[in-house]
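In: Structure, please.
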Amino acid sequence: MQDLEHNSQMTAQPERAIVLPEANPSLPLKGDFERMAKRRFQNPKPFREGNWWWINPWQDEFKQGRLLRKRKRMKIGPAKLSAREAQKIAAETVRPMNQGLESIGSATEFGAYVAGAYRDTALPLLASTTRNNYECILSKYLLPMFKDVSLREMDTMTLQRYFCSLKVNHATAVKIKDAIGSVLGSAVRFGALVRNPLEGVRIPPPRVGKRSKQYITPEQFERLVTLMAEPYATMVYVCVMAGMRVSELVGLKWEDVHTDSLTIDERFCRGDWGCPKTTASNATIGVDGRVIERILRLKDMEVTINWGGRGAKKRFKVVRSDGPVDLVFQSLRAGAPMSDHNILSRHLKPVARKLGLGWINWQVLRRSYGTWMIESGADPKAVQGQMRHSRISTTLDIYAQFVPDSQRRAVGQMMDMVTGRMAKAKAAQSTRVN
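Out: Next comes the predicted model:
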C-alpha cells in the first residue's frame, strides 16, 4: 500500500503516476458541514418496479442533531428504458455524492439550519429593517414550506416550482427570493452547500407593467412647507432640496454641514447607527446656499409645544448644542435622534391630507428631487451622482416617466401630417360627389 497523504490509501505501483479519484477528496474534516472522512463510492444497480426504474443509494441525514446514513429510494426513469440507459442515469444521479459535490451539511434540514446557524451567524450582520423583513418572510412563507426539507433537496427545480406556485404579487415574490437567497448564500459560505441553487431560479413576470411613481410639484411643495411647524418644515425642505434619504437626514451632524455641500457618511435607521445604504451613497453632495442658510437658522430658533395638562406650554431651543458631533435635527425634549415614523405620522401626513396629498411619504419627497432635476434638463449621470444611486437603472426608472420634448414635437408633426392628408382626401372626395 502506498501512502498518498490523504484520507485513504490506494494500491498502486510506486513508479506509476496516480490521479486521485474525485470520489475520495483529500479534504480533512473541518466542522459540522464538511465532507465525510470515509466517503464510499456508490454504484447502485437499478431495478424495475411497476412503471419505473428505481435505485436505493445511501444518503446522509441529520436527525435530532445526529448524523445518520440511510438508504433513499429514488425514481430515475420510466420502465420502457433499457437496463443500460437506466444504469447511465443512475450513475449520473449519484455522481454528486461520489465526487464530493454534496457535503454532510447539505443533509441538514432547512428549519434546523435557520435556527442553529443562520440566525446566529448571518442574520445579525444585516440592517435591522432587513432583519425584521427576513424574519417575517421566514415565519410566514419559507419555514412552513421548507422546515423539514434538507438543504440538498432544495435544488433549482424545487425552488422554481415553489416560485411558480406562489400566489403573491411580484414585489412580494422578489422579497421572498431575497430572503431565501440570503439563507442559502450563507449555507454556501459555511460549507453546507457547494453552490447556491437559487442562481438559476426566475420569478414569474409581473402582471402589470411599471407604473408611474408619484412625486410632488414645486407648487405643492411650497404649500406643504409653509403649513408645517418647525423644525419639521426644515427637515422636509432639506430632504427634498438635497435628495437625502430620511435615515441620512436624521443622522446628519453639524460637522457634515459645509458652506455649499453636505457630507453623507452615517445614517440612523430605526434605532441603529450605520454606514449609508450603499458605497455610492457615502459621498459629499453639493447643495444650494439657501439650503445651508435654512439649516443654520435652526441654531437660533425656539418653538413652543404642549407641556403637561390644562393647556400648559413650554418653549424649547430647536438646537440644544451645536458641537461637531451633535445632531442637526434633535428631538425637542431629549436632544436624541428623531423618529422618522413619528414625524411622518404626526407632522407630515396630517398637513399633506389637508392639501389632498395623503400619499406623500419620505420616499416621494426624495423622488421629487430627482424628478425636478430631470424636468430642468439634467442628464442621467448628473442625476445619478446627485441622488447617489449605485445603479444607473434606478435613475432611468425616473426618466422613463417623462416624454422628452423631442418626442412630443415628433408626435405633433406626425399628427399634423396625418390630419392634413386626411383633410385633403375628404375635400377631394366631396368634390367628386358634387
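
In: Now for residue 85, how many residues are close by?
Out: When neighbours are defined as other Cβ atoms under 10 Å, residue 85 has 14 of them. For glycine as for every other residue, the C-beta is placed from the backbone atoms N, C-alpha and C.

In: gap between it and residue 56?
Out: According to Cβ to Cβ, to the nearest Å, residue 85 stands 19 Å off from residue 56.

In: and what of residue 425?
Out: Residue 425 sits 80 Å away from residue 56, going by Cβ to Cβ.

In: These two: which is more packed in?
Out: Between residue 425 and residue 56, counted using other Cβ under 10 Å, residue 56 has the larger neighbour count: 14 against 10.

In: Quickly note the distance from the residue nearest to the more buried one when sequence neighbours are not counted to residue 90.
Out: In space, and not counting its chain neighbours, residue 56 is closest to residue 71: 4.7 Å by Cβ to Cβ, 6 or more residues apart in numbering. Residue 71 sits 14 Å away from residue 90, going by Cβ to Cβ.

In: in the sheet, who's paired with residue 314?
Out: Beta-bridge pairing of residue 314 under DSSP bridges involves residue 305.

In: Would you check how far apart it and residue 154 are?
Out: Between residue 314 and residue 154 the computed distance is 59 Å (Cβ to Cβ).

In: Give me the more crowded residue out of those two.
Out: Comparing residue 314 with residue 154 by other Cβ under 10 Å, the one with more neighbours is residue 154, at 22 against 12.

In: Am I right that that one is in contact with residue 146?
Out: Yes - the pair residue 154 / residue 146 is scored as a contact, 6.3 Å apart, by Cβ atoms under 8 Å.

In: Now do the shared contacts for the two.
Out: Residues touching both residue 154 and residue 146 (Cβ atoms under 8 Å, 6 or more residues apart in numbering) are residue 110.

In: May I ask which helix or strand of this structure has the lowest mean pLDDT?
Out: Sorting the helices and strands of the chain by mean pLDDT, DSSP states H and E puts strand 9-10 at the bottom, at a mean of 44.

In: Need the mean per-residue confidence for the helix or strand following that one.
Out: Counting by DSSP states H and E, the next helix or strand C-terminal to strand 9-10 is strand 47-49. Averaged across strand 47-49, the pLDDT comes to 89.

In: And strand 47-49, what does it pack against?
Out: strand 52-55 (3 or more Cβ pairs under 8 Å, 6 or more residues apart in numbering; DSSP states H and E).

In: what residue ranges in this structure score low on pLDDT?
Out: Counting by pLDDT under 70, the low-confidence segments of the chain come to 1-40, 60-67, 97-105, 209-210, 308-309, 398-408, 433-434.

In: Do I have it right that residue 234 meets residue 296?
Out: No - applying Cβ under 8 Å, one finds residue 234 not in contact with residue 296, separated by 10.3 Å.

In: In terms of neighbours, single out the busier of these two.
Out: Between residue 234 and residue 296, counted using other Cβ under 10 Å, residue 234 has the larger neighbour count: 20 against 14.

In: and after the helix or strand harbouring the more buried one, which helix or strand comes next?
Out: Assigned by DSSP H and E, residue 234 falls within helix 232-242. Under the assignment DSSP H and E, the closest C-terminal helix or strand after helix 232-242 is helix 246-250.

In: Which residues does that next one contact?
Out: 235, 238-239, 264, 266-269, 276-277, 281, 327, 329, 337-338, 340, 362, 366.

In: Using PDB, list the CA coordinates for the helix or strand that comes right after that helix.
Out: Next helix or strand after helix 246-250 toward the C-terminus (DSSP H and E): strand 261-264. Below are the C-alpha coordinates for strand 261-264, written out as PDB (Å, rounded to 0.1, in the frame of the first residue of the first chain):
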ATOM      1  CA  SER A 261     -22.300  71.000   0.500                       C
ATOM      2  CA  LEU A 262     -23.400  68.200   2.900                       C
ATOM      3  CA  THR A 263     -21.400  65.100   3.700                       C
ATOM      4  CA  ILE A 264     -23.300  61.800   3.900                       C
END
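
In: If you count neighbours, what's buried in strand 261-264?
Out: 262, 264 (16 or more other Cβ atoms under 10 Å).

In: For that strand, name the packing helices and strands.
Out: With contacts taken as 3+ Cβ pairs under 8 Å, 6+ apart, strand 261-264 sits against strand 283-286.

In: Setting aside sequence neighbours, what's the nearest residue to residue 287?
Out: Residue 287 sits nearest to residue 242 (Cβ to Cβ, 6+ apart), 5.0 Å away.

In: State whether the one you found and residue 286 are indeed in contact, as I suppose.
Out: No - here residue 242 does not reach residue 286: they are 9.2 Å apart, not a contact under Cβ under 8 Å.

In: In terms of neighbours, single out the busier of the two.
Out: Shown here are residue 242 and residue 286; by other Cβ under 10 Å, residue 242 has more neighbours (23 against 12).

In: residues contacting the more buried one?
Out: Residue 242 neighbours (Cβ under 8 Å, 6+ apart): 262, 285, 287, 291, 369.

In: what's the offset of the lengthiest helix in the chain from the middle of its chain?
Out: As assigned by DSSP state H, the longest helix anywhere in the chain is helix 405-433. Relative to its chain's centre, helix 405-433 lies at 50 Å (Cα atoms, centre = their mean, to the nearest Å).

In: Counting by contacts, list what the helix or strand containing residue 85 packs against.
Out: Taking DSSP H and E as the criterion, residue 85 maps to helix 83-98. Applying 3+ Cβ pairs under 8 Å, 6+ apart, we find helix 83-98 packed against strand 52-55, strand 74-78.

In: could you give the angle of it to strand 74-78?
Out: 150 degrees (axes from the mean of the first three to the mean of the last three Cα atoms, to 10 degrees).

In: Looks like residue 314 contacts residue 304 (just checking).
Out: Yes - Residue 314 lies in contact with residue 304 (Cβ under 8 Å); the separation is 7.0 Å.

In: Excluding covalently adjacent residues, which one is nearest to residue 202?
Out: Of all residues not flanking residue 202 in the chain, residue 160 sits nearest, at 7.1 Å (Cβ to Cβ, 6+ apart).

In: Contacts only, for the one you found.
Out: Counting by Cβ under 8 Å, 6+ apart, residue 160 has contacts 200-202.
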